[in-house]
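Asker: Predicted model follows, preceded by the sequence.
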Amino acid sequence: MRSTFVEIYYFLLALEPRYKIVLFMILALLITGVIMLTIVLRERSRKNGNEARERRIKRMVESIIQEVVFTDQDSSELKDAVKKIQRAIDSPLYRRSNMAILNDLLLYYHRNLGGEAFIRIENLYREVGLKQMALESLRSDDWHLKAKAINDLSTMRMGETLFEILQYTDDPDQNIRYEAQYAAVKLGGKKAMKFLDDLETPMSEWQQIRLLDQALKFEYELIDNIGPWLKSKNDSVVIFALILMRHLNQYHERNELRKLLYHRNERVQEKAIETAIELAYGECLENLYEVFELTKNPRIKTRVLRAMGELGGAEEVGFLRETISSSKEYDILLEAAKSLKRMGRHDVLRGYQEKELSEKSENIVKHVLDDRI
Amino acid sequence: MIEYDTQNSLVDILIYIFYFITYGYTVFVMVSYLALGVISVIQARKYLRRNTYTDYLNILQSPEAPSVSILAPAFNEEATIIENVRSLLSIRYPNYEVIVVNDGSRDRSLTMLIEEYHLEAVDFAVNYIIETQKVKAVYKSKDPAYNNLVVVDKENGGKSDALNAALNVSTGDYTLNIDVDCILEEDCLLKLMKPFLEETERNMIASGGVVRIANNCRVEKGRIIDVNVPNTMLAQFQTLEYLRSFLLGRVAWGSLDGLLLISGALGVFQKELVIKSGGYDNETIGEDMELTVRMRRYARERGIDYVVGFVPDPLCWTEVPESWSILRKQRNRWTRGAIETLLSHKRLFLNPFYGRMGMISYPYWLLFEWLAPIIEFMGIILLILFSLLGVINISFLYLFIALIYGYTVAFTIATLYIEEITFFQYKKRRQLLKLVIAGILEPLMFHPFVVYCAMTGNWDYFFEGKKAWGSMKRVGFKRPTNRGQKITGGGDSKGKAPNIPLPTNTVRTRPSKS
Amino acid sequence: MSDKAKILIVDDEPLIRDALAFKLTKDGYDVDTAEDGEKAIQKIESEEYQIIISDIMMPFISGFELVKILKERGTDAPVLMLTSLNSETAVLKAFDLGADDFMTKPFSPNELSVRIKKLLKNAQK
């Protein structure tokens, strides 16, 4: 037996170097393969175990949380519930991961419930120590832990942490920065939107959507800073200010809006027209005629036509009617016809003389008159 | 170790080239796979970590969510169309319409749709921005519950033509292009739209998502209930192939902005740019790859600073063929599609004007997707030849082949490992073991088959294709395009019976060369 | 038959379903749940409910379709839509299809109780 090994050893030793290299690589690959496979299998049982544990904990905790959320409880009952929950998640090995499970569960309830239930969940969040855990992650060096902690704290409306969160609103890491901005608005309300005053980095549409979602909760209060934001050099801030104007009915900066109709950035122009429509800003119609002449972008042209339908009067009816008989572009024709319909001028649409319209325009008029589309 | 002593003969030179290609090329392939793998893991982890605190409800509730049109071309799908449309109508997204195009089906697809969804023809003025076969009628539902459903009935013109017709009637700013028989995840649109909304520096023109294999999964009411590993070995091989291709290949290429293919099974596009670059080409086999490449070219040539994104989440499930002969046809088609796209955009090759697409992606596709099987095939032929002649050192070659084999198996296991720590779809131990066994057998059973299919694809394209083109020209007919696509080392095309060509049509594969 | 009003909760999210069931049972109703539109229809066929609370975005049969089907069948029970969709179009569509009330998530459980009481009162008239 021993001699065979020695033989193999000498055989290998005598090989050319390239043989040795390749043999060694094959061996290394085999070993890595086996190691990876064992890791996968171990990971697997760990994961399956985790999932079972998660289900078990959820089952145990769910009823306690329901009790807290849906019934009037005094402080001693709450303490009882907290104790029960802590017992359920207590474990020498898995405490942290159990806490995470509980965390997600509470966040889920919080996202879906409002009113008093809301406040009770927040209390529970503080009492079971989840807030403390989030604050610890906030101070960690991992960007994703930080971002998640900020998100959790703001979702749970832990207002007292606002001050600590604010220092991250211009963090170099975009993920952390976005979460902090969002949290600031969520916890601090419209005053916290001041960071927009001197924001230099572009703000993504996703972030705008999230901030708007929060801003919609301001319930039509006046936002004084909209003026400076509309003048911002950062186009994403301008667009966001327009979105705010539109959805929160901020009429007071209408003059600035009129200037933006001529903005160099076509995305801004588009948003400005949409905002003018939403605010029923009829005075800008004269500017819109100009914009229509100046622009080559069909998206802007169609929006101008829509604005005419929403805001215009007899004069615009004439213009739209003229556009339908003279224009050749599908989108323009369609929008002009729709605008006449918006104004309730079905008579104009039906009143074209025979042969006055091309076949295409005629079809489009029919299309628009069909209420089923 | 030189076992013979000759002057510099032709054989010597051949042997030298042979060595150079086999060793150099293989090592290069191995290293590039490894690099792609590493990049993918980093990307997927980042994505998952961000998802731990991403609330998709924000966009679901937003009045500012961009409008999306789902484009679903259907050809003879009566068995599944009602269910499929139903699940499209229940996707989670606030602002979308579903456009189903009945591409001249010869079964009851349209009638069934009309009955189920109370459709009636409306006076729709179709805007033929992109030329298509005639649209016979556009239907809308009488029922407000389905007011975001549009059904277009048109004359048969193939998948590309149907997609173009859908583009013509769509109103959204973005389009989600899908195969109607794919099973989509409920959140797929939310997840696919996110990269578009997050991009601030550049203009995102398209984004793709991961396609997984649905064979043997339990499907209920158009949703995947239980993920399973397919039963047949053939489908298991393809499972591994898809995992490698999507989880490793495309995720990495996506983060390098080097994707040349957004799969026809699932992709979101910026509509304006699709239309400006001319829509789908219905003369090509691999219409999805062709469109992606053309859009990139268009954007680059117009000076648009663009990017193509990719979402690493499994968002779409599809059935793959479980029969060798259907798979052979599919792969043959993918090969031809890729060759066609590569050839018709050959000016990209090593052209610095096109940036990474020209300098990296295109050459990579050329070298590893198109030429790899040919090089491999030639290599084996030469190997047999040389060893019969007794001119090369065979023992080392055997060893080298063993190395390649070991690498492939190890790489497959690595893929399974990555899947395990990221998306974790195959939850049972048995499923994993099945895949490991398939991974050990794959290089021996499946890979030679794939090479064979690619070779016949090349053959058909360059030698048989001519004939088809000739007869095609005389008939002057549009054939129902096959849905073909080929991707980094794997695929995602449909596995069901290929479209049956109309009697008058012959397969036509490429632009005139005669 | 008991004098308790019977409520059917239709929602694909188990946690919401359970939470609602808990709350409404506590309020003194007889509560039944279904996880999607199809199951809901089956239940409604075999059982009579005084009120139906339904989510909108559910797999296969959406809440919109569910309302439509119920109203077509002439079910008397009022339907309250409880959804995370909060666009104007969604509200309009829901009422257009015959929904009796509309609430968006996050919702206040207490507000929901009040609305249910009101709907039941109106239905009795």
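Answerer: Sure thing, it's come through.
Asker: The helix or strand containing A:L153 vs chain B: in contact?
Answerer: Per DSSP states H and E: A:L153 is located in helix A:143-155. Yes - counting by CB under 8 Å from any CB of the partner chain, chain B has neighbours in helix A:143-155: A:H144, A:A147, A:K148, A:N151, A:D152, A:T155. C-beta here means a position set from N, CA and C on the backbone, and glycine is covered the same way.
Asker: Now, of those, which are buried?
Answerer: Buried members of the residues of helix A:143-155 next to chain B, scored by 16 or more other CB atoms under 10 Å in any protein chain shown, are A:H144, A:A147, A:K148, A:N151, A:D152, A:T155.
Asker: Let me know the closest of those to chain C.
Answerer: If you rank these by distance to chain C using CB to the nearest CB, A:T155 comes first, at 10.7 Å.
Asker: helices or strands next to the helix holding A:L153 in the packing?
Answerer: Judged by 3 or more CB pairs under 8 Å, 6 or more residues apart in numbering or on different chains; DSSP states H and E, helix A:143-155 is in contact with helix A:95-112, helix A:130-138, helix A:162-166, helix A:174-188, helix B:26-51.
Asker: Apply 6 Å and report the result again.
Answerer: Here helix A:143-155 touches helix A:130-138, helix A:174-188, going by 3 or more CB pairs under 6 Å, 6 or more residues apart in numbering or on different chains; DSSP states H and E.
Asker: Dump the buried ones among the residues of helix A:143-155 next to chain B to TSV, plus pLDDT.
Answerer: Below are those laid out as TSV (pLDDT from 0 to 100):
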residue	pLDDT
A:H144	93
A:A147	94
A:K148	94
A:N151	93
A:D152	93
A:T155	89
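Asker: Now for the residues you listed: which two are most distant?
Answerer: Across these, the longest distance by CB to CB is 15.9 Å; it joins A:H144 and A:T155.
Asker: rewinding a little: would you turn the helices and strands packed on helix A:143-155 into CSV with distance to B:G258?
Answerer: Listed next are those as CSV, based on distance: least, CB to CB, whole Å:
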stretch, distance to B:G258
helix A:130-138, 35
helix A:174-188, 23
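Asker: Out of those helices, indicate the one that is most buried.
Answerer: Most buried of the helices and strands packed on helix A:143-155, by mean neighbour count (mean count of other CB atoms under 10 Å in any protein chain shown): helix A:174-188, with a mean of 23.
Asker: Return it as PDB; C-alpha atoms alone will do.
Answerer: These are the backbone C-alpha positions of helix A:174-188, laid out as PDB (Å, rounded to 0.1, in the frame of the first residue of the first chain):
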ATOM      1  CA  GLN A 174     -26.600  58.200  -2.000                       C
ATOM      2  CA  ASN A 175     -28.500  55.400  -0.300                       C
ATOM      3  CA  ILE A 176     -28.100  56.900   3.100                       C
ATOM      4  CA  ARG A 177     -28.700  60.400   1.900                       C
ATOM      5  CA  TYR A 178     -31.900  59.500   0.200                       C
ATOM      6  CA  GLU A 179     -33.200  57.700   3.300                       C
ATOM      7  CA  ALA A 180     -32.200  60.600   5.500                       C
ATOM      8  CA  GLN A 181     -34.000  63.100   3.300                       C
ATOM      9  CA  TYR A 182     -37.100  61.000   3.300                       C
ATOM     10  CA  ALA A 183     -36.900  60.500   7.000                       C
ATOM     11  CA  ALA A 184     -36.400  64.200   7.600                       C
ATOM     12  CA  VAL A 185     -39.500  65.100   5.700                       C
ATOM     13  CA  LYS A 186     -41.500  62.300   7.300                       C
ATOM     14  CA  LEU A 187     -40.500  63.300  10.900                       C
ATOM     15  CA  GLY A 188     -39.900  67.000  10.500                       C
END
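Asker: What lies in contact with that helix?
Answerer: For helix A:174-188, contacts defined as CB atoms under 6 Å, 6 or more residues apart in numbering or on different chains pick out A:143, A:146-147, A:150-151, A:154, A:159, A:162, A:165-166, A:168-169, A:171, A:192-193, A:207, A:210-211, A:214.
Asker: Filter those residues down to the buried ones.
Answerer: Neighbour-count burial (16+ other CB under 10 Å) applied to the contacts of helix A:174-188 gives A:143, A:146-147, A:150-151, A:154, A:162, A:165-166, A:168-169, A:171, A:192-193, A:207, A:210-211, A:214.
Asker: Helix or strand with the lowest mean pLDDT in chain A?
Answerer: helix A:2-13 (a mean of 82; mean pLDDT, DSSP states H and E).
Asker: Does at least one residue of that helix sit close to chain B?
Answerer: No - with CB under 6 Å from any CB of the partner chain as the criterion, chain B is not reached by helix A:2-13; the gap is at least 12.1 Å.
Asker: need the next SSE after that helix, C-terminal direction.
Answerer: helix A:17-70.
Asker: my guess is B:A125 contacts A:I364, does it?
Answerer: Yes - using CB atoms under 6 Å, B:A125 makes contact with A:I364 at a distance of 4.5 Å.
Asker: So the two - more neighbours on which side?
Answerer: A:I364 (27 against 23; other CB atoms under 10 Å in any protein chain shown).
Asker: And chain B, is the host helix or strand of the more buried one touching that?
Answerer: Using DSSP H and E, A:I364 sits within helix A:359-369. Yes - using CB under 6 Å from any CB, helix A:359-369 reaches chain B at A:N363, A:I364, A:K366, A:H367.
Asker: For the nearest residue to the last one once chain neighbours are set aside, give its distance to A:K360.
Answerer: What it means is A:H367. Closest residue to A:H367 apart from its sequence neighbours, by CB to CB, 6 or more residues apart in numbering or on different chains: B:A125 at 3.8 Å. Separation of B:A125 from A:K360 (CB to CB, to the nearest Å) stands at 7 Å.
Asker: that older thread, could you dump the helices and strands packed on helix A:143-155 to JSON lines with mean pLDDT and distance to B:A65?
Answerer: As requested, these are exported to JSON lines (pLDDT from 0 to 100; distance: least, CB to CB, whole Å):
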{"stretch": "helix A:130-138", "mean pLDDT": "92", "distance to B:A65": "29"}
{"stretch": "helix A:174-188", "mean pLDDT": "91", "distance to B:A65": "17"}
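Asker: Give me the residue ranges of the chain where confidence is low.
Answerer: Went with chain A since none was named. For chain A, the stretches with pLDDT under 70 are A:1, A:220.
Asker: looking at chain C here, not the other one
Answerer: Residue ranges of chain C with pLDDT under 70: C:1-3, C:125.
Asker: For whichever residue of it sits closest to chain B, which residues are in contact?
Answerer: Nearest to chain B, among the residues of chain C, is C:F60, at 3.8 Å (CB to the nearest CB). When the contact criterion is CB under 6 Å, 6+ apart, the partners of C:F60 are B:K221, C:D36.
Asker: Surely it is within a helix?
Answerer: No - secondary structure of C:F60 (DSSP: H, G, I helix; E, B strand; the rest coil): coil, not part of a helix.
Asker: give me the number of residues near A:L41?
Answerer: Look at A:L41: counted by other CB under 10 Å, it has 15 neighbours.
Asker: What segments of chain C are helices?
Answerer: C:14-26, C:37-46, C:63-72, C:88-97, C:109-124 (DSSP state H).
Asker: Please see if the first one touches chain A.
Answerer: Yes - contact between helix C:14-26 and chain A, assessed by CB under 6 Å from any CB, occurs at C:L15, C:I16, C:A19, C:F22, C:K23, C:K26.
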